[in-house]
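1. sequence and computational prediction follow.
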Amino acid sequence: MEVAFATLVLGILLGLLIVIPMMRNKSDQPRKLQANAQTKAPKAYSKAEVALHNKRTDCWIIIKDKVFDVTSYVEEHPGGDAILAHAGDDSTEGFYGPQHATRVFEMIDDFCIGELEK
């Protein structure tokens, strides 16, 4: 009887360990959909406006005439503070450098907030 009860409790706990992370991923979807909605109607930013966002706590970069708010990624950046070298400026050359894995090219669009004014 005790073994059956222990098995049931362990089963429930393991189930929760699987279900809770799945629920968290679903709660992230509205934010991602919202970001995708922004990319459909991009806002245009001047180079001067982007230049104002040049700090660790407020970091925008330009890559190929698109503007990205990477503030939330600065602390996670595997290259440390290298991401801040072009904060508020054009980071195209550094972004396409040999140090980046291909997954970077897939995830960057999540940070796009608009385009650079022509």
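-> Everything's here; your move.
2. and the helices in this structure?
-> Using DSSP state H, the helices of the chain run over residues 2-40, 47-51, 92-95, 102-107.
3. mean confidence for the shortest one?
-> Right, the one you point to is helix 92-95. Averaging pLDDT along helix 92-95 gives 89.
4. likewise stretch 71-83?
-> Here the average pLDDT along stretch 71-83 is 89.
5. so K43 makes contact with E117?
-> No: under the criterion of Cβ atoms under 8 Å, K43 lies out of contact with E117, with a separation of 9.8 Å. Just so you know, the C-beta spots here come from the backbone N, C-alpha and C atoms, and that holds for glycine as well.
6. between those two, which has more neighbouring residues?
-> E117 (14 against 11; other Cβ atoms under 10 Å).
7. pull the contacting residues for that one.
-> Contacts were defined as Cβ atoms under 8 Å, 6 or more residues apart in numbering; by that measure E117 touches 44-47.
8. how's this protein carved up into domains?
-> Here the chain is described, according to automatic domain parsing, as comprising the domains 1-31, 42-116.
9. any idea which of these is most buried?
-> Looking across the domains of the chain with neighbours counted as mean count of other Cβ atoms under 10 Å, the highest average goes to domain 42-116: a mean of 15.
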